[in-house]
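Enquirer: any chance you can model this:
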Amino acid sequence: MIQTIEWKALPRKKGTKSEVKQNRMKGLLPAEVYGKGHPNVSVYIKKKDLLTRPHGNFLINLVIEGDPEPKLCILKDIQYNYLGDEPIHVDLYEVTLGLELDIEVPIEFAGKPVGVEKGGIFEAHLHSIIVRTNPRNIPEKIVVDVSNLEIGQVLHVRDIIPPENVKIMTPGDEVLAVVSEPEVEEVGEESSEGASA
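Expert: This is a model prediction of the structure:
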C-alpha cells in the first residue's frame, strides 16, 4: 500500500511578492491545492517537509490550520528558481477516494541482464510510466526484472505486469529498455591514410 505522510499548512491570502519572499526566508513555500470537484486553496507548506519527502509516490494528509478536515493530496509539481536548485512553488492535487486518476509512477530496473554479462550495453529508455488507479492503490514504484534480457532483446511497456487494480496508460509499444550490441571500434580514416602514405 502507498505510504501516507502528514504535512501541516497555513492558509495563504493572495499577498504581495515581498510577503511571499519573507515567508520563503522563514522556510515556508507557497503552494496551490486543486483537484477535480474541489475548490482551489492557496497555502504555505514547510520547505523542510518538501525536502525530506519520500522517494517514489506517496499520499499527503494535508492539515491546513483552521480547517476541520485534512485534504488527501499527491505532489503534482515543484517549480524551482532559475538556477534549478531552490524550490519556490508547489502544486498539490487533491484526490477523491474511490475516484480513479492518472499518475506517473517511477520504474526501477532490477537484476543484471544476461546480455550485459556477454558484453552488451543496457539502455533504459523510460524511467516512469502513466497508470490509472484509485488513490489508495497508487504504486510507489514499479519494479521490472531485466535479468533475462539478452543482447538485442527489447523490453516494451506491454511486458510489464501491473499490480492489482492498476491499469497502464502508457502505450504498450513504447520501448522500456534494451540490451544493445557492444560497440565495435572502427579504424579511423586518419590512421588508414597515414598507413597508405
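Enquirer: domain parsing of the chain, as residue ranges.
Expert: For the chain, automatic domain parsing gives the domain ranges 4-94, 101-180.
Enquirer: what's the end-to-end length of the first one?
Expert: Yep, that's domain 4-94 we're talking about. Terminal residues of domain 4-94 are spaced 13 Å apart (C-alpha to C-alpha, to the nearest Å).
Enquirer: the residue nearest to Asp173 when sequence neighbours are not counted: what's it in contact with?
Expert: Nearest residue to Asp173 in three dimensions, chain neighbours excluded: His156, at 6.1 Å (C-beta to C-beta, 6 or more residues apart in numbering). The C-beta positions use only the backbone N, C-alpha and C, and glycine is treated the same way. For His156, the contact set (C-beta atoms under 8 Å, 6 or more residues apart in numbering) comprises Gly172, Asp173, Glu174, Val175, Leu176.
Enquirer: could I have the buried ones of the residues you listed as ChimeraX selection syntax?
Expert: Per 16 or more other C-beta atoms under 10 Å, the buried members of the contacts of His156 correspond to this ChimeraX selection:
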select :176
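Enquirer: and which of the contacts of His156 is nearest to Gln3?
Expert: Leu176 (24.8 Å; C-beta to C-beta).
Enquirer: surely His127 is in contact with Glu108?
Expert: No: look at His127 against Glu108 with C-beta atoms under 8 Å: they stay out of range, at 9.0 Å.
Enquirer: which stretches of this structure have low pLDDT?
Expert: 1, 15-16, 184-197 (pLDDT under 70).
Enquirer: which parts of it are strands?
Expert: Under the criterion DSSP state E, strands of the chain are mapped to 4-11, 28-35, 38-46, 59-64, 71-80, 87-94, 101-110, 121-124, 128-133, 142-145, 154-156, 167-168, 175-180.
Enquirer: save the ones you listed as TSV, and put in distance to Thr52 too.
Expert: As requested, these are arranged in TSV below (distance: least, C-beta to C-beta, whole Å):
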stretch	distance to Thr52
strand 4-11	9
strand 28-35	13
strand 38-46	9
strand 59-64	13
strand 71-80	13
strand 87-94	12
strand 101-110	18
strand 121-124	27
strand 128-133	22
strand 142-145	24
strand 154-156	34
strand 167-168	30
strand 175-180	31
